[in-house]
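1. Sharing a model prediction with you, sequence too.
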Amino acid sequence: MNRLTKRFLYLTFLAALAPFFEPIGSSQDTTGRITGMVYDQSGAVIAGAHITVTDVATQISRRTTSDSAGFYQVLLLPIGNYTVSVDHRGFKSVTTANIKLEINQTLKIDLRMEVGSTTDTVTVESNTGTVETINPTLGSTVSDRAVQDMPLNGRNALDLVALQPGVFPADNPGNGQGNLGTTLAFSVGRGRSDSNTFVLDGGLNNDLLTNGVVYNPNPDSIQEFKVLTSDFTAEYGRSAGGIITEVTKSGTNAFHGSAYDFVRNTLLDANNFFSNLEGDPRQVLHRNQYGGTVGGPIKKDKLFFFSRLPEAAAKRASGRSGGHFTHPRRASGQFLGLAESDRRCQFSASQSILSVQPISRRARNHRPNED
């Protein structure tokens, strides 16, 4: 294989991978950051301290050093649980307990070191509060536990958006979110229902025609999603409505997964009020939504995988969906006096409906009898 052929194959390979690597500058923020100060016992700042931020699930670490003012920060951290440790010559090492980092969150963790040997370690059990004091963006987070525990008719996790503060049902389900496989449409902060931005793992997830969502992962593969309502930071601002940011699960050092089958069956359903009123049997409804997820390490502490098995839905339904005229006099356009005798008629006796126009009657007579 000559040099030119090798170069061609190499460029072809890079071109095939290009769609999977979106530039950071054009993506939306689905990560978080940890920042803070390093002090000694007297409250003086410590410069040059070595800070290590470690992901508990994958044991991947990021390192930085405090500056001359004792300040440090670690940016673009994937959401999850972290520990923060600091060491400096002449001081005991300090390590925090597990701290959860959410989407678009800035955790401020100040570290206080004591004089002693670096071989001694001080563990800080509690260090941070839950109030956001740095990032001005307003929003609320839905964790994977809430996504899995809340009842979802149709397995659409975005239905939970309507439970968040500042989100209101919209009257136009045909716009924006109406193409999600659900009749739900929502307005964030009283904005237009088709002015919301959907972000999935940092990439724009809006349909270019309807501005609705393009890909909606099943609830078992969602790690967390957040609804941002106002005061967006610089990386946002595409739309006038809200921003719905979803992050899918990833692999860890431990194998984990799930399998599920959500069932609806006629044998488990009661008959509805109107079918009982008409003496009709229960409508037949058999629905199964099944699938699964699996994730784990490829190379421990280095490379991981997570896969979602395709969710399949099997559904069979039958039953009467509407009413029909049952009285012979209706076929000839005679409605007067029928309201009291026929409970299926929606007209009241006080309404003045006397007859049908002759042209309409002739057209009706040419149609097959629907009774």
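-> It's in.
2. From now on I want contacts and neighbour counts done on CA atoms only, so please keep to that.
-> Noted.
3. okay, and for the stretch 101-250 of the chain, where does confidence drop off?
-> For the stretch 101-250 of the chain, the stretches flagged by pLDDT under 70 are 126-131, 171-184.
4. which stretches of it form strands?
-> 106-108, 111-112, 121-124, 138-143, 167-169, 186-188, 197-200, 203-204, 222-230, 243-248 (DSSP state E, counting those that start in this stretch).
5. Make JSON lines out of these and add mean neighbour count.
-> Output for the strands of the stretch 101-250 of the chain, formatted as JSON lines (neighbours: other Cα atoms under 10 Å):
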{"stretch": "strand 106-108", "mean neighbour count": "21"}
{"stretch": "strand 111-112", "mean neighbour count": "22"}
{"stretch": "strand 121-124", "mean neighbour count": "15"}
{"stretch": "strand 138-143", "mean neighbour count": "17"}
{"stretch": "strand 167-169", "mean neighbour count": "17"}
{"stretch": "strand 186-188", "mean neighbour count": "26"}
{"stretch": "strand 197-200", "mean neighbour count": "24"}
{"stretch": "strand 203-204", "mean neighbour count": "18"}
{"stretch": "strand 222-230", "mean neighbour count": "23"}
{"stretch": "strand 243-248", "mean neighbour count": "23"}
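6. per-domain residue ranges of this protein.
-> Domain ranges of the chain: 24-124, 138-248, 256-318, 324-371, per automatic domain parsing.
7. now the strands of the stretch 101-250 of the chain as TSV including distance to residue 276?
-> Converted to TSV, those look like this (distance: least, Cα to Cα, whole Å):
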stretch	distance to residue 276
strand 106-108	56
strand 111-112	68
strand 121-124	64
strand 138-143	40
strand 167-169	32
strand 186-188	34
strand 197-200	43
strand 203-204	48
strand 222-230	41
strand 243-248	42
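8. looking at those, which is closest to residue 256?
-> Closest to residue 256 of these is strand 222-230 (Cα to Cα; 13.3 Å).
9. which helices and strands sit right next to the closest one?
-> strand 138-143, helix 144-149, strand 243-248 (3 or more Cα pairs under 8 Å, 6 or more residues apart in numbering; DSSP states H and E).
10. List the neighbouring strands of it plus their orientation.
-> Applying DSSP bridges to the sheet, strand 222-230 is found paired with strand 138-143 (antiparallel), strand 243-248 (antiparallel).
11. Please, where are all the strands along the stretch 251-371 of the chain?
-> Counting by DSSP E, counting those that start in this stretch, the strands of the stretch 251-371 of the chain are 256-264, 284-299, 303-318.
12. Quick one: list the elements packing against the shortest one.
-> Under the contact criterion of 3+ Cα pairs under 8 Å, 6+ apart, strand 256-264 touches strand 284-299.
13. Same question for the second one.
-> Judged by 3+ Cα pairs under 8 Å, 6+ apart, the packing partners of strand 284-299 are strand 256-264, strand 303-318.
14. Give me the sheet partners of that strand and which way each runs.
-> When DSSP bridges is applied, strand 284-299 pairs with strand 256-264 (antiparallel), strand 303-318 (antiparallel).
15. buried stuff in that strand?
-> Residues 285-297 are the ones in strand 284-299 that count as buried (16 or more other Cα atoms under 10 Å).
16. for the shortest one, same thing?
-> Judged by neighbour count (16+ other Cα under 10 Å), strand 256-264 contains these buried residues: residue 257.
17. Touching that strand from outside, list them.
-> Strand 256-264 has contacts (Cα atoms under 8 Å, 6 or more residues apart in numbering) with 220, 285-296.
18. starting at the chain centroid, how far to that strand?
-> Here strand 256-264 is found 18 Å from its chain centre; the criterion is Cα atoms, centre = their mean, to the nearest Å.
19. follow-up on the earlier one: and residue 92, which of the strands of the stretch 101-250 of the chain is closest to it?
-> The closest of the strands of the stretch 101-250 of the chain to residue 92 is strand 121-124. By Cα to Cα, the value is 5.7 Å.
20. which helices and strands does the closest one pack with?
-> Using 3+ Cα pairs under 8 Å, 6+ apart as the contact criterion, the elements in contact with strand 121-124 are strand 93-96.
21. got a list of contacts for the strand it packs on?
-> 83-87, 111-113, 118-127.
22. Same check on stretch 215-223?
-> Counting by Cα under 8 Å, 6+ apart, 143-144, 147-148, 155-157, 180, 205, 246-249, 258, 292-293, 308, 311 sit against stretch 215-223.
23. can I assume residue 202 is in contact with residue 76?
-> No - judged on Cα atoms under 8 Å, residue 202 makes no contact with residue 76 at a distance of 11.1 Å.
24. Tell me which of these two has more neighbours.
-> residue 202 (18 against 12; other Cα atoms under 10 Å).
25. So what does the more buried one have for phi and psi?
-> With angles defined as degrees, to the nearest 10, residue 202 sits at phi 90, psi -10.
26. quick one, what contacts the residue nearest to residue 193 when sequence neighbours are not counted?
-> Leaving aside its chain neighbours, residue 193 sits nearest to residue 187 (4.7 Å; criterion: Cα to Cα, 6 or more residues apart in numbering). Residue 187 makes contact with 167-170, 193, 241-242, according to Cα under 8 Å, 6+ apart.
27. what's the answer for residue 290, then?
-> Contacts of residue 290 by Cα under 8 Å, 6+ apart are 259-262, 311-313.
28. for residue 148, same thing?
-> When contacts are counted by Cα under 8 Å, 6+ apart, residue 148 touches 219-220.
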